[in-house]
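[1] I'd like to go over a predicted model; first the sequence, then the structure.
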Amino acid sequence: MRNTIFLATLCLASQAATAQTIYKCTEGGKVSYHDQPCGKSAVVLKVQAAPPAPEVLERLARERAMLQEIEDARAQHQEQEEREGTRAERLRRAAAAGQRRCDKLRLQRKWLEEDSARAGRDGGDGSERARTKARRQAEMLAVECPA
């Protein structure tokens, strides 16, 4: 009888997390406990879970707070990565725009040098003016696009 009570107590303790249905069966003068009905003599015992101990509740609260901190840090990290991604994209676009500007200035310098060479061949008085324009364009290119 003591073994049966001990076994029943052990079963009840192992199922403390949820409400459990236990069947008490009496067969041939022996009492046994099962998780399924064992015949017409089965008596249903409803076992309610005991409320958690205060230290368990405190631990759960600490774990929830820690989980919330981790989630907040993850969200903050994700926002920072998105901001940095946006910043990096702006920097890439600015670099591309600067490269286009330098390419345009190089092309203009090339054209002005060609115009200057053509004016020198023609022998007109516009050759000095064309050389001055070409020189100024080269200076602007050197200032805006060093290297």
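    The structure has been received and is ready for your questions.
[2] identify the bridge partners of Val44.
    According to DSSP bridges, the residues that bridge with Val44 are Tyr23.
[3] wait, it touches Tyr33, no?
    No. Counting by C-beta atoms under 8 Å, Val44 sits too far from Tyr33 to count as a contact (11.3 Å). Every C-beta, even on glycine, is put in place using the N, C-alpha and C of the backbone.
[4] now the common contact residues for the two.
    Counting by C-beta atoms under 8 Å, 6 or more residues apart in numbering, the contacts common to Val44 and Tyr33 are Ile22, Tyr23.
[5] the two: which is more packed in?
    Residue environment comparison for Val44 versus Tyr33 gives the larger neighbour count to Tyr33, 17 against 9, counting by other C-beta atoms under 10 Å.
[6] show me what the one helix or strand that one maps to is packed up against.
    Mapping Tyr33 onto the secondary structure by DSSP states H and E places it in strand 30-34. Where contact means 3 or more C-beta pairs under 8 Å, 6 or more residues apart in numbering; DSSP states H and E, strand 30-34 is packed against helix 2-14, strand 20-27.
[7] residues touching the shortest one, excluding its own?
    Outside of strand 20-27, the residues within contact range by C-beta under 8 Å, 6+ apart are 8, 11-12, 31-39, 41-47, 49.
[8] buried sites along it?
    Burial within strand 20-27, assessed by neighbour count using 16 or more other C-beta atoms under 10 Å, is assigned to Gln20, Ile22, Tyr23, Lys24, Cys25.
[9] the first one and Gln68: what is the separation?
    Put plainly, it is Gln20. As judged by C-beta to C-beta, to the nearest Å, Gln20 and Gln68 stand 32 Å apart.
[10] Arg131 now?
    Looking at Arg131 against Gln68, where the rule is C-beta to C-beta, the gap reads 72 Å.
[11] neighbour count for those two, which is higher?
    Taking Arg131 and Gln68 together and counting by other C-beta under 10 Å, Arg131 has the greater number of neighbours (17 against 10).
[12] contact partners for the more buried one?
    Under the criterion of C-beta under 8 Å, 6+ apart, the neighbours of Arg131 are Ser116, Ala119, Gly120.
[13] pretty sure it sits in a helix.
    Yes. For Arg131, which was evaluated using DSSP: H, G, I helix; E, B strand; the rest coil, the result is membership in a helix.
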